[in-house]
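Chemist: structure here, sequence nowhere to be found:
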DNA sequence: ATAATAACGGATATATAATATCCGTAAATA
DNA sequence: TATTTACGGATATTATATATCCGTTATTAT
């Protein structure tokens, strides 16, 4: 199993949006350019972020995407769920009820113990992701990004944001 | 993203093997019958368990699969990794280095902070799965399985184990 | 010996999901 | 009015998961 690559893209894009001036927006085309990603497919993911309410979108010239709220109030989990959906990764197909020994579904009071174990692990995963804010991500990015890249990024932003 | 359905199958199968008499083994065909699963495909997963060293296999009549060690010494994580592989779910494609602002790969001392965050969450998931032993799974199964099903299972085992 | 059982590995087919592109529409700006 | 941009739907392509089949080998029972 592999996680949707769009998750990586979306977190990086949100991190960029977080470091933009308050009133600035970036269109999908520019974000795709910045990371050298397929423009139209990235646009789909950005629309998912928009539908999840994480970013606001504006049409027309000067439009594009910006964060809908402060980066400190957006978690990595928010972004992951926006892209990957909220369905649990582990899907219980109730095979305990199948076969020659299975009995009537009504006889089972609780969800299968195996499913509960898998869901508990998934909760631990989500809890960890929920504990990380987009602000922390961008702060770490600022600290660890090579200074040359920071400079080049600033110049690119300068050119792009009119 | 959806987890491999074989994970569910494998944990259930291991749980059944754990509740078998010490010297008994079950062939893939019987396990598939017990859970009404596709025989040949289940066999692939059982072979993966065998390669991971979780079960021992024996060819020929009376052969089949049995646990290689006590259920208390097998974790749910062991089974999950045997089926799903040990690769992390989140694959970092280093998009931070791409595009007009990217700089030479050698400039980056650490893995990307976003990847580290995703991997930390994955570790939380694995830690939780590693904290659950197969014995706990089977104990919970014994407690929560309807008594009628327990009876039917016992009868089925009796017929199958010679 | 022979026949039957069963794991194993490789090859292949099918179904589903991820990846990617394209198009028409609507909205906003200049 | 022309341009830019988001948005939704349709479609194509690729990768992965699901599933089957076959030949080989090992083991057991007759």
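Modeler: Everything's here; your move. The structure displayed is predicted, hence computed values, not measured ones.
Chemist: which residues are in contact with the residue lying farthest from the centre of chain A?
Modeler: Using C-alpha atoms, centre = their mean, the residue of chain A lying farthest from its centre is residue A:100. It sits 43.5 Å away. Shown in contact with residue A:100 (C-beta atoms under 8 Å, 6 or more residues apart in numbering or on different chains): B:33, B:34, B:152, B:156. C-beta: built from backbone N, CA, C; applies to glycine.
Chemist: so which of the residues you listed is the closest to residue A:135?
Modeler: residue B:34 (51.3 Å; C-beta to C-beta).
Chemist: distance of residue A:161 from DNA strand C?
Modeler: 13 Å (C-beta to the nearest atom of the strand, to the nearest Å).
Chemist: for the residue lying closest to residue A:117 once chain neighbours are set aside, give me the pLDDT.
Modeler: Spatial nearest neighbour of residue A:117, excluding adjacent residues (C-beta to C-beta, 6 or more residues apart in numbering or on different chains): residue B:132 at 5.1 Å. You'll see residue B:132 listed with a pLDDT of 98.
Chemist: was I right about residue B:132 contacting residue B:79?
Modeler: No: if you go by C-beta atoms under 8 Å, residue B:132 and residue B:79 don't touch, sitting 10.1 Å apart.
Chemist: out of the two, which sits in the more crowded spot?
Modeler: The neighbour comparison of residue B:132 against residue B:79 (other C-beta atoms under 10 Å in any protein chain shown) goes to residue B:79, with 28 against 21.
Chemist: the more buried one and residue B:54 touch, don't they?
Modeler: Yes: here residue B:79 reaches residue B:54: they are 6.5 Å apart, a contact under C-beta under 8 Å.
Chemist: common neighbours of those two, please.
Modeler: With C-beta under 8 Å, 6+ apart as the test, residue B:79 and residue B:54 both reach residue B:14.
Chemist: and chain A, which residues reach DNA strand C?
Modeler: Within chain A, the residues that sit near DNA strand C (C-beta under 7 Å from any atom of the strand) are A:2, A:4-6, A:38-41, A:44, A:58-63.
Chemist: which of the residues you listed fall within strands?
Modeler: Among the residues of chain A next to DNA strand C, the members found in strands (DSSP state E) are residue A:58.
Chemist: so how far is residue A:18 from the closest residue to residue A:111 other than its chain neighbours?
Modeler: Nearest residue to residue A:111, sequence neighbours excluded (C-beta to C-beta, 6+ apart): residue A:92, at 6.7 Å. According to C-beta to C-beta, to the nearest Å, residue A:92 and residue A:18 sit 37 Å apart.
Chemist: likewise for residue A:26?
Modeler: 11 Å.
Chemist: quick one, what contacts residue A:4?
Modeler: Counting by C-beta under 8 Å, 6+ apart, residue A:4 has contacts A:83, A:84, B:1.
Chemist: buried ones among the residues you listed?
Modeler: Those of those that meet the buried threshold are A:83, A:84, by 16 or more other C-beta atoms under 10 Å in any protein chain shown.
Chemist: great, nothing more from me.
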